[in-house]
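J.: I would like to see how this sequence folds:
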Amino acid sequence: MNDIEKGDVVRSQQGRDKDLLFYVLQCDGRFALIADGKQRKTDRPKKKNVKHVERCITVDMRLRDRLRQGESVTNTDIRRSLERLSAALEDEQEGI
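T.: Now for the predicted structure:
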C-alpha cells in the first residue's frame, strides 16, 4: 500500500522526469498530481501513477502544512523548497 499524501515530496522513478523531485498537490490513492514549479507548475500539474514515484523522507514542513491546509502556494515557493531539499539530499548522499 502506498502512503503518499498531499504535501509530500516524491522522486519520480519512471519516465522522462526520472529522478526529479516534485511536491504532491493531490492524491487519490492511484494517481497523484505533482508539480515542481518549473516544468510542471501548479496550474498544470502532472498526473502520475503512484507506483512510479517514491516518497522522500525529507520535506519542508511549512510548505507541506500550507498545501495540506489548502492555502495558496506559488510556483516559486515550490521551486525554492525543492532546490533546498535537493541540495540537502545530495549532501546526505555524499556523506554516505
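
J.: wait, what's in contact with Asp19?
T.: By C-beta atoms under 8 Å, 6 or more residues apart in numbering, Asp19 lies in contact with 11-12. C-beta: built from backbone N, CA, C; applies to glycine.

J.: from Gln93, how far off is it?
T.: 12 Å (C-beta to C-beta, to the nearest Å).

J.: what's next to the strand of greatest length in the chain, contact-wise?
T.: Assignment by DSSP state E gives strand 21-27 as the longest strand of the chain. Outside of strand 21-27, the residues within contact range by C-beta under 8 Å, 6+ apart are 4-12, 32-36, 40, 42, 45-46, 48, 50, 53, 56, 63, 67, 78, 81-82, 85-86, 89.

J.: same question, stretch 28-36
T.: 2, 4, 10, 12, 20-27, 40-42, 45-50, 53, 75, 78-79, 82.

J.: need the buried ones from these selected in ChimeraX.
T.: Here is the ChimeraX command that selects the buried residues among the contacts of stretch 28-36 (16 or more other C-beta atoms under 10 Å):
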select :4,10,12,20,21,22,23,24,25,27,40,42,45,46,48,50,53,78,79,82
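
J.: report how many residues lie close to the nearest residue to Leu25 once chain neighbours are set aside.
T.: The shortest distance from Leu25 to any non-neighbouring residue, by C-beta to C-beta, 6 or more residues apart in numbering, is to Leu33 (4.7 Å). By other C-beta atoms under 10 Å, 19 other residues sit near Leu33.

J.: would you verify that Leu33 is located in a strand?
T.: Yes: under DSSP: H, G, I helix; E, B strand; the rest coil, Leu33 sits within a strand.
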